[in-house]
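**Q** Let's see this in three dimensions:
(2 chains)
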Amino acid sequence: GNSVTQMEGPVTLSEEAFLTINCTYTATGYPSLFWYVQYPGEGLQLLLKATKADDKGSNKGFEATYRKETTSFHLEKGSVQVSDSAVYFCALSDSNNNDMRFGAGTRLTVKP
Amino acid sequence: DAGITQSPRHKVTETGTPVTLRCHQTENHRYMYWYRQDPGHGLRLIHYSYGVKDTDKGEVSDGYSVSRSKTEDFLLTLESATSSQTSVYFCATWQGANYGYTFGSGTRLTVV
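**A** Numbering: from 1, shown residues only, chains lettered A, B, ... in the order given. Modelled structure (predicted):
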């Protein structure tokens, strides 16, 4: 079945550091890929998405590229801020159904 | 998200009592979901609904039941609460394969 594996956290960075959170997936067909962010005490919010191979999703300085050859969708940001501290979830949806699969989440803490 | 309201936001209940959590959406989405979020487990699907009176089990459905008598409301009931059901519960609606889910703000349930 479909599944998502993302790097375990927690990740702690200093402000303005470069961020990478790895995500790989297993899926049949042609899934859409997503990154969600969860701030403390809140629900998950869609951060960015990509619906086909080689697409790049971007939002708020974050980027991720859909790499079919490596089945990956790594999240990157060039310069993190304290306000980026949150839990990040990688997810996929199968075009044939409405079942989304989530990674376990990666907690990011950014220190001033 | 403004389109999904979960109630209550917080609840403390005693072991053995029934508990009902409510999810209300204003966007007329057909598919609705209940997840629980626990440290180290990410998000796990409890039950989902694909229309009024149409529901199905997810991966962790034991001890839970759901009902959907109207498109806008999806209720999750813990028939006899146990301490293992202490968790944060999220409701979500499906926006399509290219958009993924929209989540509510969550209900923090503590069973003592």
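
**Q** What's the local residue count around the closest residue to residue B:46 other than its chain neighbours?
**A** Spatially, and ignoring its direct neighbours in sequence, residue B:46 is nearest to residue B:34 (4.4 Å; CB to CB, 6 or more residues apart in numbering or on different chains). Yep, even glycine has a C-beta here, placed from its N, CA and C like the rest. For residue B:34, the count of nearby residues is 28 (other CB atoms under 10 Å in any protein chain shown).

**Q** Contacts for the longest strand seen in chain B next, please.
**A** Longest strand of chain B, by residue count under DSSP state E: strand B:42-51. With contact meaning CB atoms under 8 Å, 6 or more residues apart in numbering or on different chains, strand B:42-51 is reached by A:44, A:89, A:98, A:102-105, B:30-38, B:55-61, B:64-66, B:68, B:71, B:74, B:76, B:89-90.

**Q** so which helix or strand takes in the residue nearest to residue B:46?
**A** strand B:32-38 (DSSP states H and E).

**Q** Name the strands paired with that strand and say parallel or antiparallel.
**A** strand B:42-51 (antiparallel), strand B:87-94 (antiparallel) (DSSP bridges).

**Q** Return the most buried member of those.
**A** strand B:87-94 (a mean of 23; mean count of other CB atoms under 10 Å in any protein chain shown).

**Q** quick one: average confidence on that one?
**A** The average pLDDT within strand B:87-94 is 95.

**Q** Tell me which helix or strand comes right after that strand.
**A** Downstream of strand B:87-94, the first helix or strand assigned by DSSP H and E is strand B:101-103.

**Q** any idea of the mean pLDDT in that next one?
**A** 91.

**Q** and the helix or strand just after it, is it in reach of chain A?
**A** Where DSSP H and E defines the elements, the next helix or strand beyond strand B:101-103 is strand B:107-111. No: shown here: strand B:107-111 not in contact with chain A (CB under 8 Å from any CB of the partner chain), separated by at least 8.8 Å.

**Q** contacting residues around the residue lying farthest from the centre of chain B?
**A** Computed with CA atoms, centre = their mean, the residue of chain B farthest from its C-alpha average is residue B:98, at 22.4 Å. Contact analysis of residue B:98 by CB under 8 Å, 6+ apart lists A:32, A:49, A:51.

**Q** same thing but 10 Å
**A** Going by CB atoms under 10 Å, 6 or more residues apart in numbering or on different chains, residue B:98 touches A:32, A:34, A:49, A:50, A:51, A:52, A:93, A:95.

**Q** and the host helix or strand of residue A:13, which strands flank it?
**A** Assigned by DSSP H and E, residue A:13 belongs to strand A:11-14. Partner strands for strand A:11-14, per DSSP bridges, with pairing direction: strand A:106-111 (parallel).
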